[in-house]
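*Asks:* Just a sequence and a predicted model for now, questions to come.
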Amino acid sequence: MAIDFQNLVALWKKRPLVIGCGALSLALLAGSYLRSDRMSDLAGQLKTNEEEGNKILDNIRNGAGLAEQYEALTATTKDLESRLVRSSERARNQQYFYRIESDTGVKEINLQPAQAGQVPQKGPKTLYTGVGYTISVKGTFRQILDFLDHLETGQHFCRLVSATVAREGQRGAAEATNAITLTLNLELMGLP
């Protein structure tokens, strides 16, 4: 059965409401299909915009005290840099050890800058470097502890690489001394 234009017009006149509803249903289905495709794109775009908005809000919240944080960081950096030693200033660096020696009462036996390669450098290259020294001192137990405390809490940052402690005299000797010898291999934090 061939459908021609005259039959369609007659069918339309006979049942206009059914045909109109069918045509409207087809149009709505086609529109719904096309919009559903667009909705997934819009949902992805909405999610991206929400994430970006949250990042912006976080930046605004975190930036509230930025000026004060910058000033505190600058002051801390200046304090850190004032505590660094310079490897080229050998006399000044050794003066630091002499000052600790006179403050604690220990007797310095030996103070030598570490030879290149004596203190191994491990890990990635950093802005700051260790300025190595080997120092031997002699004193009482209390003086040695005081010396170590001065190194630990002193003006410069210090990293102990190795230590050797030896007691003077022999056990059972009539006149055993209370002297202890301490040999340290250490690094002061500094600039090359």
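*Replies:* Ah, there it is. If you're wondering where the values come from, they're calculated on a predicted model, not measured in any experiment.
*Asks:* same for the helix or strand hosting residue 135, what does it pack against?
*Replies:* Here residue 135 sits within strand 129-139, counting by DSSP states H and E. With contacts taken as 3 or more CB pairs under 8 Å, 6 or more residues apart in numbering; DSSP states H and E, strand 129-139 sits against helix 90-104, strand 107-113, helix 141-153, strand 180-191. Where C-beta positions appear, they are placed from N, C-alpha and C, glycine not excepted.
*Asks:* So what are the sheet partners of the helix or strand following the third one and their directions?
*Replies:* Scanning forward in sequence from helix 141-153 by DSSP H and E, the next helix or strand is strand 158-167. Within its sheet, strand 158-167 is paired with strand 180-191 (antiparallel), according to DSSP bridges.
*Asks:* What's the mean pLDDT across the strand it pairs with?
*Replies:* Mean per-residue pLDDT for strand 180-191: 91.
*Asks:* And the residue nearest the centre of the chain, its phi and psi?
*Replies:* The centre of the chain sits closest to residue 126, judged by CA atoms, centre = their mean, with a distance of 12.9 Å. Dihedral pair for residue 126: phi -120, psi 170, per degrees, to the nearest 10.
*Asks:* Against residue 81, how distant is it?
*Replies:* Applying CB to CB, to the nearest Å, the value for residue 126 to residue 81 is 15 Å.
*Asks:* same check, this time on residue 10
*Replies:* From residue 10 to residue 81 the distance is 98 Å (CB to CB).
*Asks:* Would you agree residue 109 is in contact with residue 181?
*Replies:* Yes: at 7.0 Å, residue 109 counts as touching residue 181 under the criterion of CB atoms under 8 Å.
*Asks:* got any residues that touch both of the two?
*Replies:* Residues within reach of residue 109 and of residue 181 at once, by CB atoms under 8 Å, 6 or more residues apart in numbering, are 136, 137, 138.
*Asks:* Let's see if you can find the most crowded of the residues you listed.
*Replies:* Using other CB atoms under 10 Å as the neighbour criterion, residue 137 leads the shared contacts of residue 109 and residue 181 with 23 neighbours.
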